[in-house]
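1. Any chance you could fold what I've pasted below:
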Amino acid sequence: MSKKRYPRLFGILPFLGMLLLSGCNWTLLDPKGQVGIEQKNLILIATGLMLLVVIPVIIMTLAFAWKYRASNKAATYTPDWSHSTKIEAAVWIIPILIIIALGYVTYHSTHKLDPYRPLDSDVKPIQIDVVALDWKWLFIYPEQGIATVNKIVFPANTPVNFRVTSDAVMNSFFIPGLGGQIYAMAGMTTKLHLIANENGEFDGISANYSGAGFTGMKFKATATSQEDFDKWVAEVKQSPKKLDKAEYDALAKPSENNPVALYSEASPEQFQLIVDKYEGMNRGRSHEEAGSKDLATTKGVESSMQPAAGAEE
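-> Sure, this is the predicted structure:
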């Protein structure tokens, strides 16, 4: 390839990039749930605040390079210059103010968007238990007594309380169109609270590499009206499959690209039974319970090691 063709090639590359990016989905910047909307706002605010520093620096770099180029004989040459109070004030005060603003926004949003924090709503939430398996997702509805694989349905404008665990390797439960992800770990219970602001179907994925079947570990999350949700539950209850021990043991075996499965019966205790399988791994406690109990145990051990008052040394 001749040297004359290189500029032409570089001119085509941006258009090729635009063509490839046109097939991308901006799900994170177009969420359909309140949690996702607030997370998007946080991303945009934080990015905007940081650009207040980045953009002026880039502009000044280009401007200074142009002004003090070798061919510009009119530029002032001051080799002994070493200090400017105005520049020092701008360099320090402006970034400090931006950091304070960014810190306030981040601190406030971090606590407001805590995945363990129940959502404020006058509507009674629905409970869904999530179990990450190799390589599929098991969803248990303890209140309805049903279960599904790689598909969940819930009413729109209704808070959904997820309890998440794993009966395999560590994983991550993520519905990008509704909100953030939460890790799924064997012997542990994590929580995530989401809500869909409108009816629709959303892609759910595993956000943590978990082995050979990782790419096929996907599911569909559907938000419907309350009436349609009740009809769907009634349809699931007509399924001939039941999630008994034998069925679960077969389901838990590693398999790839699993189809949707519906179970008309599932024990409300199934989730806790799965968590409690892992003895010695916090016995199914949540992060808060594990932390507080471990701290209490540590303090008890330390107290028992202290000599009693008046004891002989």
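2. What's the first helix or strand after the helix or strand where Ser109 lies?
-> Using DSSP states H and E, Ser109 maps to helix 85-112. Next in sequence after helix 85-112, counting helices and strands by DSSP H and E, comes strand 126-133.
3. Give me the sheet partners of that next one and which way each runs.
-> Using DSSP bridges, the strands paired with strand 126-133 are strand 136-141 (antiparallel), strand 160-166 (parallel).
4. tell me which residues of the last one are tucked away?
-> Buried positions in strand 160-166, judged by neighbour count with 16 or more other CB atoms under 10 Å: Val160, Phe162, Arg163, Val164, Thr165, Ser166. Where C-beta positions appear, they are placed from N, C-alpha and C, glycine not excepted.
5. OK, contacts around the last one?
-> By CB atoms under 8 Å, 6 or more residues apart in numbering, Ser166 lies in contact with Val131, Ala132, Leu133, Ala184, Met185, Ala186.
6. could I get those as a markdown table with distance to Lys242 and neighbour count?
-> Listed next are those as a markdown table, based on distance: CB to CB, whole Å; neighbours: other CB atoms under 10 Å:
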| residue | distance to Lys242 | neighbour count |
| --- | --- | --- |
| Val131 | 16 | 28 |
| Ala132 | 22 | 26 |
| Leu133 | 18 | 25 |
| Ala184 | 24 | 28 |
| Met185 | 28 | 21 |
| Ala186 | 24 | 19 |
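7. out of those, which one sits closest to Leu251?
-> Leu251 lies nearest to Leu133 out of those, by CB to CB, at 6.8 Å.
8. Local confidence estimate at that closest one?
-> You'll see Leu133 listed with a pLDDT of 97.
9. Arg5 too?
-> 58.
10. And Trp66, by the same measure?
-> In this prediction Trp66 is given a pLDDT of 91.
11. is it true that Leu192 touches Phe173?
-> Yes: in this structure Leu192 lies within contact range of Phe173 using CB atoms under 8 Å: 6.7 Å.
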